[in-house]
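Student: This is a predicted model, with the sequence first.
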Amino acid sequence: MAFIKKLFLLAILLGSAAAGGMIYWTGQPIHGEPEAIDFNVKSGSSVRSAGKQMQEAGVPLNPWLFEILARITGKANKLKAGSYDIEAGKTPMDLLDKLVNGDFAFASLSIIEGWTFQQMRKVINSHPSIKHSTASMSDRELMRKVDADFAQPEGLFFPDTYLFAKGSNDLEIYQQAHASMLKKLNEAWANRNTLLPYKTAYEALTMASIIEKETGQKAERTLIASVFINRLRTGMLLQTDPTVIYGMGEQYKGKIRKHDLLTDTPYNTYTRAGLPPTPIALPGIASLTAAFNPAKSDALYFVAKGDGTSHFSDNLTEHNRAVNKYQR
């Protein structure tokens, strides 16, 4: 009888020691490295499998103890699959709460105003935190996946910085950027000045892309817009170099020659009247605003002054004087 009592007391002592050790372990930092450790938990993973995946990713964690912690807290079946990171100083309990709450690790991607769609695709395709499901698709296939009403993608994605959970599908970013551009474009179209020479919102978007590529100074966007609006109204050729460059594609080597200005392409606004058939870049909100709200002016010409600003002229004689002054 005395022996059984001793065993019972020993079991209590061992249990208390184990419980105390467990409590101590749950409150200790997992690692002290300055950099966070990234890891993934696959869909359908059990708590045991999740622990092993974290350990294999470099998290210095005892999977067995983590499983016990998850089970005694009743959270073993509440872990969410996804991409995570664990920062220095975080404890096993912090880690468990992170997985239960779906506190995913986030990354960001910046799409710059004035980029072409091909530049946007290149950056997305090379981003290390994105699942690349569209890299092998053609532009037309990608637009179908985005569920866009357009076959040609240029200009139809809003340049911005996008925050997303690591491991997100790249298609989600394209969908978000496209939806953002359509929202801003449709709002501007609904509130537009009906005297502007646009037949469709898409034409206004095309104009915004030209403004984006022509403008060195943000403050001049509305004046640049007024020049092109005035030319459209009077039937003048737009004669804007960025459209010529876009039409040249890979043949452009950093300089436009007279031969290039005379070579007809769908985007050569020196040889063809009106707007080009599509946008030529991804316009930002300032260029969109300028396309729908041009300055009130009679300007028909502008020339770069060499300091990042432009000189605007109402007639060809004044423009030629400005060209002689600033560029010759």
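Tutor: Nice, I can see it.
Student: what comes into contact with stretch 125-133?
Tutor: With contacts defined as CB atoms under 8 Å, 6 or more residues apart in numbering, stretch 125-133 is touched by 83, 107, 109, 124, 135, 164, 166-171, 173. C-beta coordinates here come from the backbone N, C-alpha and C atoms, glycine included.
Student: Quick one: end-to-end length of that stretch, please.
Tutor: Taking CA to CA, to the nearest Å as the measure, stretch 125-133 stretches 9 Å from start to finish.
Student: ok so, going back, filter the contacts of stretch 125-133 down to the ones in strands?
Tutor: Ser83, Ala107, Leu109, Phe164, Ser168, Asn169 (DSSP state E).
Student: List just the nearest of these to Thr269.
Tutor: Leu109 (32.2 Å; CB to CB).
Student: what's the burial count for the closest one?
Tutor: Leu109 is flanked by 19 other residues according to other CB atoms under 10 Å.
Student: what's the nearest residue to it if we skip its chain neighbours?
Tutor: Distances taken as CB to CB, 6 or more residues apart in numbering place Tyr162 nearest to Leu109, at 5.2 Å, with adjacent residues excluded.
Student: can you confirm that neighbour is in a strand?
Tutor: Yes - counting by DSSP: H, G, I helix; E, B strand; the rest coil, Tyr162 falls inside a strand.
Student: Could you list the low-pLDDT ranges of this protein?
Tutor: Along the chain, segments meeting pLDDT under 70 span 1-22, 328.
Student: all strands of it, in order?
Tutor: Taking DSSP E as the criterion, the chain contains strands spanning 37-41, 82-86, 106-110, 130-131, 161-165, 168-169, 301-304, 310-313.
Student: contacting residues for Thr269?
Tutor: For Thr269, the contact set (CB under 8 Å, 6+ apart) comprises Leu237, Leu238, Gln239, Thr240, Thr243, Val244, Leu275, Pro276.
Student: Quick check, the first one in contact with Ala273.
Tutor: Spelled out, that is Leu237. Yes - counting by CB atoms under 8 Å, Leu237 touches Ala273, with 5.9 Å between them.
Student: from what I can see Pro60 touches Pro29, true?
Tutor: No - in this structure Pro60 lies outside contact range of Pro29 using CB under 8 Å: 9.9 Å.
Student: how about the helices in the stretch 151-300 of the chain?
Tutor: Ranges of helices in the stretch 151-300 of the chain, per DSSP state H, counting those that start in this stretch, are 170-190, 201-214, 221-234, 241-248, 258-262, 285-292.
Student: Turn those into a markdown table, including distance to Val100 and mean neighbour count.
Tutor: Compiled in a markdown table, those are given as follows (distance: least, CB to CB, whole Å; neighbours: other CB atoms under 10 Å):
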| stretch | distance to Val100 | mean neighbour count |
| --- | --- | --- |
| helix 170-190 | 24 | 17 |
| helix 201-214 | 44 | 24 |
| helix 221-234 | 49 | 21 |
| helix 241-248 | 50 | 20 |
| helix 258-262 | 61 | 11 |
| helix 285-292 | 39 | 23 |
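Student: closest one to Glu67 among those helices?
Tutor: Nearest to Glu67, of all the helices of the stretch 151-300 of the chain, is helix 170-190, at 32.2 Å by CB to CB.
Student: by contact count, what packs against the closest one?
Tutor: Applying 3 or more CB pairs under 8 Å, 6 or more residues apart in numbering; DSSP states H and E, we find helix 170-190 packed against helix 117-126, strand 130-131, helix 139-146, strand 161-165, helix 201-214, helix 285-292.
Student: can you tell which of these is closest to Asp264?
Tutor: helix 201-214 (18.3 Å).
Student: C-alpha coordinates for that closest one, PDB please?
Tutor: The C-alpha coordinates for helix 201-214 follow below in PDB (Å, rounded to 0.1, in the frame of the first residue of the first chain):
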ATOM      1  CA  ALA A 201     -13.900  55.900 -71.800                       C
ATOM      2  CA  TYR A 202     -11.200  53.900 -73.500                       C
ATOM      3  CA  GLU A 203     -10.300  56.900 -75.700                       C
ATOM      4  CA  ALA A 204      -9.900  58.900 -72.500                       C
ATOM      5  CA  LEU A 205      -7.700  56.200 -71.100                       C
ATOM      6  CA  THR A 206      -5.600  56.300 -74.200                       C
ATOM      7  CA  MET A 207      -5.200  60.000 -73.900                       C
ATOM      8  CA  ALA A 208      -4.200  59.600 -70.200                       C
ATOM      9  CA  SER A 209      -1.400  57.200 -71.200                       C
ATOM     10  CA  ILE A 210       0.000  59.800 -73.700                       C
ATOM     11  CA  ILE A 211      -0.100  62.500 -71.000                       C
ATOM     12  CA  GLU A 212       1.700  60.100 -68.600                       C
ATOM     13  CA  LYS A 213       4.600  59.600 -71.100                       C
ATOM     14  CA  GLU A 214       4.800  63.200 -72.200                       C
END
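Student: Show me what it is packed against.
Tutor: Partner elements for helix 201-214 (3+ CB pairs under 8 Å, 6+ apart): helix 170-190, helix 221-234, helix 241-248, helix 285-292.
Student: Please state the offset of it from the chain centre?
Tutor: 20 Å (CA atoms, centre = their mean, to the nearest Å).
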